[in-house]
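Undergrad: The following block contains a protein sequence and its predicted model.
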Amino acid sequence: MRVNDLNWKIGGEAGEGIMVTGLMFSKVCARLGLEVYNYPEYPSRIRGGHNCYQVRVRDNKPVFAEKGLDILVALNKETIDLHSNYVKEDGVIIADSHLKDYGLSERIFYLPMDDLALSAGGKITKNNVALGASFAFLSVPVENVLDTVRRAFRDKGEKVIGMNEKAVSLGYDYVKENFKGDFKISLKPIDDKKNMVLTGNEAISLGAIKAGLKLYAAYPMTPASSILHFLAPLSHRFKILVKHAEDEISAILTAIGANFAGVRAMVGTSGGGFSLMSEALGMSAITETPLVIVECMRPGPSTGMPTWTDQGDLRFIIHASQGEFLRVVLTPGDVKEAYQLIQLAFNLAEKYQIPVFLLSDKLLSESSESVDDLSGSDLKIERGKILREAQEGYKRYDLSIEDGISFRAIPPAKNGLQLANSDEHDEYGLVSEEAHIREKMLEKRFKRRGLIVKEIPKPNLYGDSDADISLIGFGSVKLSVLRAMEILKEEGVKTNFLHSLCPHPFVSDHYLDFIKKAKRVVVIENNYTGQFAGIIQENLCIKIDNLILKDDGRPFFPDEIVEKIKKYLRS
Amino acid sequence: MKDNQKFNTYQTPSWCPGCGNFGIWYALKSAYTELGFDNNDVCMVFGIGCSGNLSNFIKVYGFHSIHGRTLPVASGIKLANHKLNVVATSGDGDGLGIGLGHFIHTCRRNIDITYIIHDNRVYGLTTGQTSPTSPQGFQSKSTPFGVIEQPINPLALAIIQGATFVARGYSGEIDHLTSLIIQAIKHKGFAVIDVLQPCVTFNPNFSYPFYNPRVFKLEDAGHNPEDFNNALKYALDVNNDKIPIGIFYKISKPTYEESSEELRDKPLSEYDISDISISELIEEIRES
């Protein structure tokens, strides 16, 4: 009997409620105190096409989607065709009875989903029949499932709640009465723990609210849109102006204007939208107006694969916009880091009066994780050199200030007059093309780099000190790598992992020691060309021979990383 | 002559002698003076071009943004602090070419911003190419055989797309333009003034000798600015030898700020953000 170690997946057509059911499944588990990781896959269309949602459940972190399935819930034949190969020997496929005609695999348990749903009150409750059935296999008391269903439909009225409760019970009871086999996995609650489930984008949004976000401007684009959807209903409650702008150009300029006028403003987009924003990025830099940009990557170029994942925009973010200027790129690896780093992004943007990126991707933004608590990760708000009143003789771009960071007077502060100028400018902001002013202003804007590199987060080191393989990566590869390392350890392979939370500005000292001590360095990235490896190479003047890359729109699964590393060890 | 000195910066204007921008510059300073503004009572946003260079010659809070993008920046400033008087300016190339989308969307938002278009019907700072308001057939460096497209009609667009104050000024009629700017700033809502602004260097055919005999004031013609159909008729009448200036259209409608619940209590910039509690929200998520 295995306890609290499960990989569950549901698949069906887009529009059948796969995502909602998957999320409910994970919430039942999280409320038992278990750790979950939810990985959804869906095509870029509203109806039809294949959707699936995978929930990995464990006692402890790390937890990440793995390929081998214990339970596969199939609402259509395609789900069986695509995923039944991954069902483990002792796993089960719960399929709708109408699929019986296909013959299919012996491991299938046929559940009359449509019939039971109809008797519960409507075909629409079919998913909850499957939900109830799943938990019957796992020996979870039906009351736990009903509790989550009641919460999910809380605002829909008693009738809807009743229908869905009945659907869960009918599915649950059907399995209890008709499944005669012996299912080897059960889920047991962990006392005194009730986890919640959050996506990366929800964590980014929550962190931004906590950080005092006052204006969010965006144009819808997957996989960033869910930030807009999360913040919009909260706008009245937290006094945040959420603006769906006419395009991304307007969104970023609105945010820059708002920052200039003294509020914390943010934009969120994906690579295509950020392409449109890149001209304004430089304006934020030369006017020294703080700005926070969330970029959720998806595979490009161009429209690429809108609903899939990728880490291919790193170089683009680091180099976007004409000219040379400072920026910071933060790359959280999980939900908690996303919550904390977005708060840091606001602090850095205001303290150093620069644009700061939070670089996510579809995997982090739209997958969800169990989280116990966030409050321990809160950062103190630091607004830097901001003035609501200024002295006579005030100069916005005062060159005499040693660290290069001059005071930012907020309109309508008396004596704070200034011109935020996209032209090169003098200390008041008025245009100047004098060589000596240009030199001093460039120097002013770059001088703060020394302070910034002291404050950006160092990479986190995981694993053994005497590792055979030393991995380096950034952002969302983290959880999969940590899980792979755990599997490797069980097999006697020692690894360690340096996880970068801030690939730019690149601080050589953060990486040098790790690389020097490593027997063999492997850089792992969700892109085609190994962009981060390139950055490490050019900064440290070393050659990195070993890359684990993947750019098919899917994340690394731990099993794949394990295989690749074993291959390196054999070679 | 009014004492507008306090709105001058240490820089002297870089426009060509006779440039229509001088008239707009003077009218703006006069309007601010007549409104009793201190330098910090107004925040101006500028685009790129000869109009944008005004940013260096007028001493107020300023944001000299990028080509075509004045209105989103101005909107961001206004939404962050709706107590500020925000005045945006752009050229016809800047605001009606690359930035036309923002113009139409800002009209439909009816945000309380005054928007002045320096309309010289040519690209000046890039030394004389056709602009979106150049007439058909206009020969320029970029259109040596004449423009094929028909021109943009900023006033008609503004009227049909939701701007609540739509006017045309002429930089050769400074007192009249000053009065239009004052009324536009006082107006609650998006106020557009398209200003006929001669470019004596690159578009001499549309200079003072062209405009002076043609312009007439709508108020003298007995036009009622609340009359939508008549306003549109005047705006669309582009081939007449007479050119109306004055207020074409003016109505009262709720502004974007007034309709935003988030802005009801006070400007966003006045909130203390040092200790925002989200613990209740987190518990709601946990219990959902």
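TA: Nice, thanks for sending it over.
Undergrad: only C-alpha atoms for contact and neighbour calcs from this point on.
TA: Noted.
Undergrad: count of residues packed around residue 122?
TA: This is for chain A. When counting by other CA atoms under 10 Å in any protein chain shown, one arrives at 16 neighbours for A:Gly122.
Undergrad: Not quite, go with chain B.
TA: Neighbour number of B:Val122 under other CA under 10 Å is 26.
Undergrad: Could you do A:Met441 as well?
TA: 21.
Undergrad: Now do the buried residues in the helix or strand harbouring it.
TA: Using DSSP states H and E, the element containing A:Met441 is helix A:435-447. For helix A:435-447, burial by neighbour count (16 or more other CA atoms under 10 Å in any protein chain shown) applies to A:437, A:441, A:444-447.
Undergrad: Please name the residues that touch the residue lying closest to A:Cys502 once chain neighbours are set aside.
TA: Sequence neighbours aside, A:Leu330 is the residue nearest to A:Cys502 in space, at 4.5 Å (criterion: CA to CA, 6 or more residues apart in numbering or on different chains). With contact set as CA atoms under 8 Å, 6 or more residues apart in numbering or on different chains, A:Leu330 has these partners: A:341, A:345, A:356-359, A:501-504.
Undergrad: Show the pLDDT at A:Leu330.
TA: pLDDT, A:Leu330: 98.
Undergrad: so who does residue 26 touch?
TA: Answering for chain A, as no chain was given. A:36-38, A:55, A:57, A:197.
Undergrad: Actually, chain B is the one I wanted.
TA: B:Ile174.
Undergrad: is it fair to say it lies in a strand?
TA: No - B:Tyr26 is assigned helix when assessed by DSSP: H, G, I helix; E, B strand; the rest coil, not a strand.
Undergrad: Could you list the contact residues of the stretch 451-571 of chain A toward chain B?
TA: Proximity of the stretch 451-571 of chain A to chain B (CA under 8 Å from any CA of the partner chain) involves no residue at all.
Undergrad: where do the helices sit along the stretch 451-571 of chain A?
TA: Using DSSP state H, counting those that start in this stretch, the helices of the stretch 451-571 of chain A run over A:478-490, A:509-517, A:531-540, A:558-570.
Undergrad: what does the stretch 251-400 of chain A give?
TA: A:271-286, A:314-319, A:335-352, A:362-366.
Undergrad: same check, this time on chain B
TA: In chain B, the helices defined using DSSP state H lie at B:21-34, B:70-80, B:92-93, B:100-109, B:154-161, B:174-186, B:208-211, B:228-236, B:279-286.
Undergrad: okay if I get those helices as CSV plus distance to A:Asp466 and mean pLDDT?
TA: As requested, those are exported to CSV (distance: least, CA to CA, whole Å; pLDDT from 0 to 100):
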stretch, distance to A:Asp466, mean pLDDT
helix B:21-34, 71, 98
helix B:70-80, 53, 98
helix B:92-93, 64, 96
helix B:100-109, 59, 98
helix B:154-161, 68, 98
helix B:174-186, 71, 98
helix B:208-211, 83, 97
helix B:228-236, 79, 97
helix B:279-286, 40, 95
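Undergrad: Specify the stretch among the ones you listed that is closest to A:Asp509.
TA: helix B:279-286 (37.6 Å; CA to CA).
Undergrad: Mind giving me the packing neighbours of the closest one?
TA: Contact analysis of helix B:279-286 by 3 or more CA pairs under 8 Å, 6 or more residues apart in numbering or on different chains; DSSP states H and E lists strand A:196-199 as its packing neighbours.
Undergrad: mind listing what the closest residue to chain A within the stretch 1-150 of chain B touches?
TA: Nearest residue of the stretch 1-150 of chain B to chain A: B:Gly76, at 4.0 Å (CA to the nearest CA). Residues near B:Gly76 by CA under 8 Å, 6+ apart: A:253-259, A:261.
Undergrad: let's see 10 Å
TA: Taking CA atoms under 10 Å, 6 or more residues apart in numbering or on different chains, we find B:Gly76 in contact with A:215, A:217, A:243, A:250-261, A:263, A:265, B:82.
Undergrad: try B:Ala184
TA: B:87, B:112-116, B:164-167, B:178, B:190-193, B:247, B:250.
Undergrad: at 6 Å instead, please
TA: B:Ala191 (CA atoms under 6 Å, 6 or more residues apart in numbering or on different chains).
Undergrad: right, is stretch A:180-199 up against chain B?
TA: Yes - Stretch A:180-199 comes into contact with chain B (CA under 6 Å from any CA of the partner chain), by way of A:Met196.
Undergrad: Mind listing what's buried along that stretch?
TA: Result for stretch A:180-199 [16+ other CA under 10 Å]: buried residues A:183, A:185-189, A:194-199.
Undergrad: Just the buried positions in the longest helix seen in chain A, please.
TA: Identified as the longest helix of chain A according to DSSP H is helix A:158-178. Buried residues in helix A:158-178, counted by 16+ other CA under 10 Å: A:160-175.
Undergrad: Which of these sits closest to chain B?
TA: Using CA to the nearest CA, those come closest to chain B at A:Ile161, 13.9 Å.
Undergrad: which bits of chain B sit near chain A?
TA: B:40, B:56, B:61-65, B:72-73, B:76-77, B:80, B:262, B:269, B:273-274, B:276, B:286, B:288.
Undergrad: could you flag which of the residues you listed are buried?
TA: Applying 16+ other CA under 10 Å to those flags B:40, B:56, B:61-65, B:72-73, B:76-77, B:80, B:262, B:269, B:273, B:286, B:288 as buried.
Undergrad: Low-confidence regions, the chain specifically.
TA: Just going to use chain A. For chain A, the stretches with pLDDT under 70 are A:103-104.
Undergrad: my bad, chain B
TA: Looking at chain B by pLDDT under 70, you get B:1-2.
Undergrad: mind listing the strands for it?
TA: Counting by DSSP state E, one finds strands in chain B at the ranges B:42-46, B:61-64, B:85-91, B:114-119, B:165-170, B:191-196, B:215-217, B:243-250.
Undergrad: Dump these to TSV, plus distance to A:Lys123.
TA: Formatted as TSV, the strands of chain B follow (distance: least, CA to CA, whole Å):
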stretch	distance to A:Lys123
strand B:42-46	57
strand B:61-64	58
strand B:85-91	56
strand B:114-119	56
strand B:165-170	55
strand B:191-196	54
strand B:215-217	69
strand B:243-250	56
